[in-house]
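**Student:** model this:
(one chain, ligands or ions: 2)
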Amino acid sequence: VVEQQQEQLTDGFHLVIDALKLNDIDTIFGLPGIPITDLTRLAQAEGMRVISFRHEQNAGHAAAAAGFLTQKPGICLTVSAPGFLNGLTALANATVNCFPMILISGSSEREIVDLAQGDYEEMDQLNAAKPFCKAAFRVLHAQDIGIGIARAIRAACSGRPGGVYLDLPAKLFSQTMEAEAGRRSLVKVQDPAPRQLPAPDTVARALELLKGAKRPLILLGKGAAYAQADTEIRELVERSGIPYLPMSMAKGLLPDTHVQSAAAARSYVLAEADVVVLVGARLNWLLSHGKGKTWGAEPKKFIQIDISPTEIDSNVPISAPLVGDIGSCVSALLAGMGSGWQKPPAEWTGAIAQRKDKNLSKMAQTLESKAFPMNFHGALGAIRKVVQERPDAIVVNEGANTLDFARSIVDMYEPRKRLDVGTWGVMGIGMGFAVAAAVTTGKPVIAIEGDSAFGFSGMEVETICRYQLPVCIVIFNNNGVYKGTDVNQTGGADPAPTVFVKDARYDLMMTAFGGHGVTATTPDELGRAMREAIASGRPTLINAVIDETAGTESGRITNLNPTRAATKK
Ligand SMILES: Nc1ncnc2c1ncn2[C@@H]1O[C@H](COP(=O)(O)OP(=O)(O)O)[C@@H](O)[C@H]1O
Ligand SMILES: Cc1ncc(Cc2csc(CCOP(=O)(O)OP(=O)(O)O)c2C)c(N)n1
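**Tutor:** Ligands and ions are numbered 1, 2, ... in the order given. Okay, here's the model as predicted:
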C-alpha cells in the first residue's frame with residue numbers, strides 16, 4: 001500500500017524537471033551543490049542534458065548564448081548566494097543584450113532570511129536579482145512550480161527578450177503532492193513570443209520616407225539575427241538595393257562578401273547617409289548614440305524597427321518608428337514596397353563601392369603579413385581563410401585588439417555564426433559561449449580569444465574536454481592585457497599591472513585535460529592547426545604567439561579611457 005501511495009505522489013524535484021521538459025527545454029547549464037545537486041542528478045536521469053561547469057558565470061553565459069541561438073530561454077542552474085551571485089553577471093549581460101535566459105537558483109528558507117537569522121548561504125536573492133533582469137519570481141509551493149516556470153519562460157521570450165530570475169527555496173524540492181494533481185498543475189506556454197504586427201500607418205510613413213531617400217542605409221543589429229527572419233531581411237536588402245551595415249552579431253545575415261555590404265566603407269556611409277533604417281539595432285555607444293561626427297554634419301532621418309516601444313527616441317528623434325517584431329515589420333515593408341521599388345541613385349552606391357574597394361585592397365595587403373612574431377593581421381588573415389572554408393563553424397570572439405580586428409577581418413557567411421562581447425563589451429563570455437554553441441548546434445566552434453579575455457573563463461577548458469566538444473580555441477598570446485610591453489612605473493620588482501608571464505604555454509592547459517594543445521608562431525602553422533582541429537572535432541587549444549608590441553591599449557575604444565589631468569606625483 002505504501003509503495004502504491006508513493007507512486008501516486010510527485011515532488012518539487014520532479015515537477016521542476018517535468019515543467020521544463022513540457023516546454024521543450026532539454027538542456028541545463030549549471031554547477032551542482034546544496035540545495036540543487038539532486039536536481040541536477042534527477043534531471044540527467046530523466047533524459048535532460050546537464051552541462052556542469054567550473055564557475056557559474058560561464059554556465060550563465062552559456063545559457064544566454066543558447067537563448068540567442070535557439071529563441072528558447074537558456075537555463076542556468078546554481079546553488080544559493082555565492083553561486084547565484086556568480087550567475088548574476090551573466091543574467092545582467094543577457095538582459096543588456098536581449099538574450100532570453102532563466103537563472104534558476106536554490107535559496108535559503110524565507111523564514112530565516114526574512115529574520116536575518118543567519119542561514120547557510122543566506123541571501124535575499126529575489127530582491128538582489130531584480131535590478132539586473134527583466135523579471136524575477138519565487139515559488140514557495142510545489143503546486144505553483146508549473147505556473148512559476150511558465151511565467152519565467154514567457155517573461156524571458158516575449159517582447160524584448162532578456163534575463164529572468166527564478167528563486168526556488170531548498171524546502172520546495174522535497175514538498176510532495178498527488179502525482180495527477182501535479183501533472184495538472186504544469187503549464188505548457190502557448191506562443192511565448194507572440195508576433196507583434198506594426199500599425200499599417202507606421203509602415204506607410206516609413207516607406208514614404210524611404211522612397212524619398214537619396215542616400216539610404218540599412219543597419220542590421222543583433223536583434224535582426226535573433227529574430228530568425230533571415231529570408232525577409234535578405235529580401236528587404238536585395239529588393240530595395242539599399243546598402244547595409246551589419247553590427248558584429250548580425251554579420252552573416254547576408255554574407256559579408258555581399259555586393260551591398262557597406263562594412264568596408266562604414267565611416268563613409270554613417271556620415272553620408274540621409275535616411276537610416278535601424279533593424280534590431282540600438283543607437284547606443286556602439287553607434288555613437290546616433291549623433292556627433294560619426295554621423296556627419298547633415299541631419300539624418302531614422303526609421304527604427306524594434307519590438308520595444310520605449311527604445312524609440314532613446315538617443316535621437318526617430319522620424320518613422322515601426323514597433324513590432326522584426327519578421328512582421330519587414331514583411332509589412334516588403335508588402336508595401338511592391339515589385340517596382342526604385343533602387344538608390346548610382347551616385348550613392350557607386351561612391352560606396354569605390355571606398356569599399358580601396359579599403360579592402362588596403363586590408364588585403366596587411367592580411368598577408370609574414371611578420372615574425374605574428375601580428376594581429378597576419379594571424380587573423382589565416383583564421384579568415386579557415387572560416388571561409390567552413391562557413392558552418394561558429395565563431396566566438398573576445399579581447400580588445402583581438403576583438404576589434406577580428407570583427408572586420410573575419411567574414412561571416414551565415415546568420416547567427418558570430419557570438420561576441422556584445423553591447424556590454426564584457427570579457428569572460430568566451431568559453432561559456434563556446435560550450436553553448438557546440439552543445440546547441442553540434443557545429444565546429446572557433447573561439448578567437450585575447451589572452452587576457454581567455455583568462456576569465458579558461459578553467460572551462462576542462463569542461464570542454466570532459467564533454468569532448470568540437471571547440472578550437474585560438475589564444476592571441478601577446479603576454480598581457482592589450483599588449484605585453486607595459487613597464488613597471490615604480491621601478492620596483494613587481495611586473496606592470498597589465499603584463500603576464502612571458503611566453504606562457506596556454507596549450508599545456510588543454511593537454512592537461514586530454515585535449516590537443518599546440519603552439520603556432522606563423523600564420524601557416526595557425527591555419528594548419530585549425531584545419532586539423534576542425535577535421536578531428538577534438539578539443540584543441542592553439543597558443544598563437546603574437547608580437548607583444550602589436551595593437552593598441554583597449555583596441556578601438558582607447559578613447560573611452562579617462563585622461564589624467566594632474567601630473568602631481
Ligand atoms: N524579435 C525582435 N523583433 C524586433 N526587435 C527585436 C527583436 N529581438 C530583439 N529586438 C531588439 O533588437 C535590439 C538589439 O539591439 P542591440 O543589442 O543594440 O543590437 P546591436 O548591438 O547589434 O546593434 C533591441 O533594441 C531589441 O529590443
Ligand atoms: C569583466 C570585464 N573585466 C574587464 C574588462 C576590461 C577589458 C576590456 S578588453 C580586456 C582584455 C584585453 O586583453 P586581451 O589580451 O584579451 O586583448 P588583446 O590582446 O588586445 O586582444 C579587458 C580586461 C571588461 N571589458 N570586462
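**Student:** From one end of stretch 191-205 to the other, what's the distance?
**Tutor:** Start-to-end span of stretch 191-205 (CA to CA, to the nearest Å) is 30 Å.
**Student:** Tally up the residues packed near the residue of the stretch 151-300 of the chain found nearest ligand 2, please.
**Tutor:** Scanning the stretch 151-300 of the chain for the residue nearest ligand 2 gives residue 285, at 12.8 Å (criterion: CB to the nearest ligand atom). In this view, the C-beta of every residue, glycine as well, is placed from N, C-alpha and C. Look at residue 285: counted by other CB atoms under 10 Å, it has 12 neighbours.
**Student:** ditto for residue 481
**Tutor:** Look at residue 481: counted by other CB under 10 Å, it has 22 neighbours.
**Student:** Quick check, it in contact with residue 427.
**Tutor:** No: look at residue 481 against residue 427 with CB atoms under 8 Å: they stay out of range, at 9.5 Å.
**Student:** Mind listing the shared neighbours of the two?
**Tutor:** Overlap of the contact sets of residue 481 and residue 427 (by CB atoms under 8 Å, 6 or more residues apart in numbering) consists of residue 452.
**Student:** Number of residues surrounding residue 549?
**Tutor:** Per other CB under 10 Å, the neighbour tally for residue 549 reads 12.
**Student:** Give the closest residue to it in space, chain neighbours not counted.
**Tutor:** In space, and not counting its chain neighbours, residue 549 is closest to residue 485: 5.5 Å by CB to CB, 6 or more residues apart in numbering.
**Student:** Which parts of the stretch 151-300 of the chain are strands?
**Tutor:** Assigned by DSSP state E, counting those that start in this stretch, the strands in the stretch 151-300 of the chain fall at 163-169, 176-178, 216-220, 244-246, 275-279.
**Student:** Just the CA coordinates for the helix or strand following the last one, please, in PDB.
**Tutor:** The C-terminal neighbour of strand 275-279 among helices and strands, as given by DSSP states H and E, is strand 301-306. Extracted in PDB, the C-alpha atoms of strand 301-306 (Å, rounded to 0.1, in the frame of the first residue of the first chain):
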ATOM      1  CA  LYS A 301      16.300  60.700 -40.700                       C
ATOM      2  CA  PHE A 302      15.900  57.400 -38.900                       C
ATOM      3  CA  ILE A 303      13.400  54.600 -39.500                       C
ATOM      4  CA  GLN A 304      13.600  52.200 -36.500                       C
ATOM      5  CA  ILE A 305      12.200  48.700 -36.400                       C
ATOM      6  CA  ASP A 306      12.200  47.400 -32.800                       C
END
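**Student:** what does the model give residue 263 for pLDDT?
**Tutor:** pLDDT, residue 263: 98.
**Student:** Quick check, it in contact with residue 410.
**Tutor:** No: if you go by CB under 8 Å, residue 263 and residue 410 don't touch, sitting 11.7 Å apart.
**Student:** Hmm, residue 35 is touching residue 173, no?
**Tutor:** Yes: counting by CB under 8 Å, residue 173 is a contact partner of residue 35 at 6.5 Å.
**Student:** Quickly list what's touching both of the two.
**Tutor:** Counting by CB under 8 Å, 6+ apart, the residues touching both residue 35 and residue 173 are residue 106.
**Student:** circling back to that earlier point, check which helix or strand covers the residue nearest to residue 549.
**Tutor:** Secondary structure (DSSP H and E) places residue 485 outside all helices and strands.
**Student:** What of residue 395?
**Tutor:** Residue 395 belongs to strand 394-398 when assigned by DSSP H and E.
**Student:** Confidence-wise, which helix or strand of this structure is lowest on average?
**Tutor:** When each helix and strand of the chain is scored by mean pLDDT, DSSP states H and E, helix 2-7 comes last, with a mean of 67.
**Student:** That helix: what's the following helix or strand?
**Tutor:** Downstream of helix 2-7 (by DSSP H and E), the next one is strand 9-11.
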